[in-house]
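**Q** Just the structure for this:
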Amino acid sequence: MELTQVFLSLGEARFAQILRSISMGKLKSYKVYEPLKTRAHLTRLNTESLRKAAPRLWTRLGQGEEEFARDLAQAVLVSHLEMIAAVLDFLGIPHQDGFFDKNLDFGKFLTEDWNARVFDRFRETYPEAVLLFYINHLGWEAKRAAEPFVPAA
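**A** Modelled structure (predicted):
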């Protein structure tokens, strides 16, 4: 599964919600602001410019721009570290403020139906679009998902 698929699996409406959830302050704190501004081809990066650029950014993801998807994912993730830490704690994955060892063996943590369990546990606590993005991003990063997770209706 490609990272662009993680975004595309959400649909365009949820993608727009995710863009609105990005924190400019956190982007600056984690030094992600300038790289995202450059990769998104925006002269100014703020919530309004992201909202207006959403259709164009969606198209770029549809064209398979993985490097753009990586920078955008990083922006989303640093904006939601509290949620990430809660999910990792729930799964028992060792981490430091939401960041884990990239060489971690996820086998004992991401057991059968882990994504559905995470979704059921946190769907009332965090915005659904952001939660689904993180579940699928974690599956992508851990190389434990061939297809994006879509919750049962």
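
**Q** Look up the closest residue to Y30, ignoring the ones flanking it.
**A** V78 (4.4 Å; C-beta to C-beta, 6 or more residues apart in numbering). From N, CA and C alone the C-beta is placed, and that goes for glycine too.

**Q** Contact partners for P94?
**A** F100, D101, L104 (C-beta atoms under 8 Å, 6 or more residues apart in numbering).

**Q** quick one: it is in a strand?
**A** No - looking at P94 with DSSP: H, G, I helix; E, B strand; the rest coil, it is coil, so not inside a strand.

**Q** pLDDT at it, what is it?
**A** For P94, the pLDDT comes out at 95.

**Q** Quick check: phi and psi at it.
**A** phi -70, psi 140 (degrees, to the nearest 10).

**Q** what pLDDT does the residue sitting furthest away from the middle of the chain get?
**A** Largest separation from the mean C-alpha position in the chain: T43, at 23.4 Å (C-alpha atoms, centre = their mean). Model confidence at T43, given as pLDDT, is 96.

**Q** Could you report the separation of it from D113?
**A** 45 Å (C-beta to C-beta, to the nearest Å).
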